[in-house]
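> need a structure here:
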Amino acid sequence: MKKWIDFTRPIPDIEGKNPTHREYIIPIVAAGRSLTGICHSFSFDGMSGTYIDFPGHIRECDNGIHAGNISIEPLLSMETTLIRLTLPLGKREITRKDLESTGVKVRGRALIVHVLGSYDDEDFPVKTLPYFSSDTFSFFTESNIMIFASDVYENRGAGGMTGIFEALFSAGILCICKLTNLHQIQGSYLTTSVLFNKHPGVVQLPCRFVGYEET
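Numbering: from 1, shown residues only. Model prediction:
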């Protein structure tokens, strides 16, 4: 039996600003009947909801792959590894030793690192969130993954950014950000898929990220 989990946050309407979608009407006459067609126009940022970053999100790492030309097949039914970390209170820096101490061996094309338990990153001041130290970068790039996803990434506090995105993008790894429901994963291995619009030239856009475990 499969237990499905949706890791995708909704694209929100922003209070006090333009909504992310507007409804408009197209009159329809069909078989002598007047009908009302409901349509939508959209306006939102590439970092709305849950989103995917291609290497070209940093221009210096651009490998020519974008939402319009990437092959979709490798992004479906990916064997995926979950590394779940429980950090001591007040510890922010995640090291390679922290990852290796879990004993989880990375398998498949995608890796998820889950740090925040049942919380979202928005539940904490951004400068207090955990982040990956530079010695973790080789752990990720040596794992032969295509997709990296986590509920934390860069250092936004004292000391400045460590450069994890540049390291991942330089290795051709795509990143999925702003996840939810990671705490619902029970084991260390699952199957995931990620989908998004086929949009030529775009290197960052909202996506749908889902997975299942066999129970």
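> check which helix or strand covers the most centrally placed residue in the chain.
Taking C-alpha atoms, centre = their mean, the centroid of the chain lies closest to I176, which sits 2.0 Å from it. I176 belongs to strand 174-177 when assigned by DSSP states H and E.
> For the chain, identify the residue most remote from the centre.
Going by C-alpha atoms, centre = their mean, the residue of the chain most distant from its centre is G32, 47.7 Å out.
> circling back: leaving out the residues flanking it, which one is nearest to the residue nearest to the centre of the chain?
Setting aside the residues directly before and after it, I176 is nearest to A149 in space (C-beta to C-beta, 6 or more residues apart in numbering), at 3.9 Å. The C-beta positions use only the backbone N, C-alpha and C, and glycine is treated the same way.
> Could you look up the SS state of that neighbour?
Here A149 takes the strand state, with states given by DSSP: H, G, I helix; E, B strand; the rest coil.
> and if you look at K97?
Going by three-state DSSP: K97 is helix.
> can you give me the strands in this structure?
Using DSSP state E, the strands of the chain run over residues 2-6, 21-30, 33-42, 51-53, 78-84, 93-94, 110-114, 131-132, 147-150, 174-177, 189-195, 204-206, 208-214.
> how about those in a markdown table, adding mean pLDDT?
Output for those, formatted as a markdown table (pLDDT from 0 to 100):
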| stretch | mean pLDDT |
| --- | --- |
| strand 2-6 | 97 |
| strand 21-30 | 94 |
| strand 33-42 | 96 |
| strand 51-53 | 98 |
| strand 78-84 | 98 |
| strand 93-94 | 96 |
| strand 110-114 | 98 |
| strand 131-132 | 96 |
| strand 147-150 | 98 |
| strand 174-177 | 98 |
| strand 189-195 | 98 |
| strand 204-206 | 97 |
| strand 208-214 | 97 |
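> hang on, the earlier thing: residues in contact with the strand holding I176?
7, 47, 50-55, 57, 146-150, 153, 165, 168-169, 194, 207, 209 (C-beta atoms under 8 Å, 6 or more residues apart in numbering).
> Determine the longest helix present in the protein.
helix 164-170 (DSSP state H).
> Just the mean pLDDT for it, thanks.
Averaging pLDDT along helix 164-170 yields 97.
> What lies in contact with that helix?
Identification of contacts with helix 164-170 by C-beta under 8 Å, 6+ apart yields 53-58, 60-61, 131-132, 134, 136-137, 140-141, 148, 153-154, 175.
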